[in-house]
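J.: quick one: sequence plus predicted model below, questions after.
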Amino acid sequence: MENERQKRYSTDVLLAEFFAQDDLKALAVDAGALLECPLLVLDDTFHVTAHHRPLGFTDPLFQETVRQGQITYEAGAVISQSDALSAGKADYVKLDGSEYRRRFAPLISSGVRLGYLICVDIDDHLQNIPPETWNTVEQVLAKQAFIETSRHDKPFETAEDILMHLLDGGFSSAPYFYLQTSGTYLADFHPTGFALIDLTAYHNEYLGKRHLKDELRARFPQSHSFLYRGDIFLFLHGTKDFNGFSALAEEFRLKVVMSDGLCDLFELPALYRTAHEALELMMDYRFHGGSVCMVAQLRTPLLLKNIEGRSDLIAKEIRALAAHDRENDTQYCETLYHYLTCCRSLKKTCDALFTHRNTVLYRIHRMQDDFLIPLDDSAVHADLLLGVSLLLFEEKGPDFFLHTMNKAESEE
């Protein structure tokens, strides 16, 4: 019986196919036949690059995924939320819209996560397949995906392909990029910015209603949304969409960040990097600043996040001030921060702290006399402000620096 099972899951044919041909689609078919299940091979943007569908197999969710060429945002949320997948291990998941359980596994080659293998467990036999068989199948598919991803002459099939290649830093010049956009909607496309949506906490509690992708199309019809590296990317046409995103984020438990203004599509990679870092900051456990933010609101905490932990950059006088605050539950660091950001205006500092003038004046004198902080030397103000800001970021988190955009600013 053991020999029969080993024969059943022999990987010889798959390995022979890998060495004989250079075709991920053919390997996917062989892998599906070996594992005796329907399967999908995804790239790192959650697009379907290959699949195997046995004769007679019917599953609306599987068939729609193949037809669309990408998994649903809901399936993307499963990947984003899985601790096992984040750790590089397989995970079994039941998706809404299908009666079958699925096995998700990351495809990793040379330390690079290239995508995912999704196998449909039509008769509950996948968990009985030997681990060494899974390991071989995943390694072969990952290596072939790596080979095909490395090809520089791969043609672009859609506008999404062009955009993702741009976001990956694949275009060396603007003229070459715009040459590739010819014949697509991108040739005459002028969005004002874009938004990124994190799916980590996604939840659709309205069973039977439209999925998130359908909701985005209905609420933001010109957004051209798509999945990119686990997040939803969509274009904006004016920042007045803020309120619409707030309602969407509350309904589906999302985190949304809206980029700075976009003047030229070729600028996307630089703006994307900042927006993605802002979205990651919003996922920080210390962040409680809301579900929808603009990058402009987060610039200061983003700067501080990038130097977090560098206590060596902070003057010893500031570190002593912070130690006093921690030991005595005082607010000298906050007072120093507001005093400097308010251009040493006593009134504005009192207003920012909601504190009586005499109390603030007492703290300022103590900072100068007891902690030897040179507040009268304008040459060191930038150093003092950076140091106390970094300490406050580590103590209080990004919320302390969250800039609230007013209506006039948000509509500029």
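T.: Cool, the structure landed. Residues are numbered from 1 along each chain as shown.

J.: am I right that residue 118 sits in a strand?
T.: Yes: under DSSP: H, G, I helix; E, B strand; the rest coil, residue 118 falls within a strand.

J.: 633 is where my numbering starts, stick with that
T.: That works, and once the first residue is 633, the last one we named lands at residue 750.

J.: residue 733 is in contact with that one, correct?
T.: No: using Cβ atoms under 8 Å, residue 750 is not in contact with residue 733; the gap is 11.0 Å. Glycine gets a C-beta too; all of them are placed from N, C-alpha and C.

J.: so between those two, which is more surrounded?
T.: Shown here are residue 750 and residue 733; by other Cβ atoms under 10 Å, residue 750 has more neighbours (25 against 16).

J.: is the more buried one in a bridge, and if so with what?
T.: residue 672, residue 736 (DSSP bridges).

J.: contacts only, for it.
T.: 671, 672, 674, 703, 707, 734, 735, 736, 737 (Cβ atoms under 8 Å, 6 or more residues apart in numbering).

J.: can you lay out the residues you listed as CSV showing distance to residue 976 and neighbour count?
T.: Below are the contacts of residue 750 laid out as CSV (distance: Cβ to Cβ, whole Å; neighbours: other Cβ atoms under 10 Å):
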residue, distance to residue 976, neighbour count
671, 66, 23
672, 62, 26
674, 56, 27
703, 56, 24
707, 55, 26
734, 62, 24
735, 63, 20
736, 57, 23
737, 59, 22
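
J.: of these, which is the nearest to residue 1026?
T.: residue 736 (36.3 Å; Cβ to Cβ).

J.: nearest residue to the middle of this structure?
T.: residue 863 (4.8 Å; Cα atoms, centre = their mean).

J.: contact partners for it?
T.: 828, 829, 830, 831, 908, 911.

J.: what's the single longest helix in this structure?
T.: Counting residues, the longest helix in the chain under DSSP state H turns out to be helix 763-781.

J.: that one: which residues count as buried?
T.: Neighbour counts over helix 763-781 (16 or more other Cβ atoms under 10 Å) mark 765-766, 768-778, 780-781 as buried.

J.: is residue 825 in contact with residue 895, as I believe?
T.: No: between residue 825 and residue 895 there is no contact under Cβ under 8 Å: 9.8 Å.

J.: of those two, who's got more company?
T.: residue 825 (20 against 11).

J.: need phi/psi at residue 804.
T.: With angles defined as degrees, to the nearest 10, residue 804 sits at phi -80, psi -20.

J.: how many neighbours does it have?
T.: Quick note: residue 804 (other Cβ under 10 Å) scores 8 neighbours.

J.: now the one 5 residues further on
T.: For residue 809, the neighbour count with other Cβ under 10 Å is 20.

J.: cool, the one 4 residues further on as well?
T.: Using other Cβ under 10 Å, residue 813 has 19 other residues around it.
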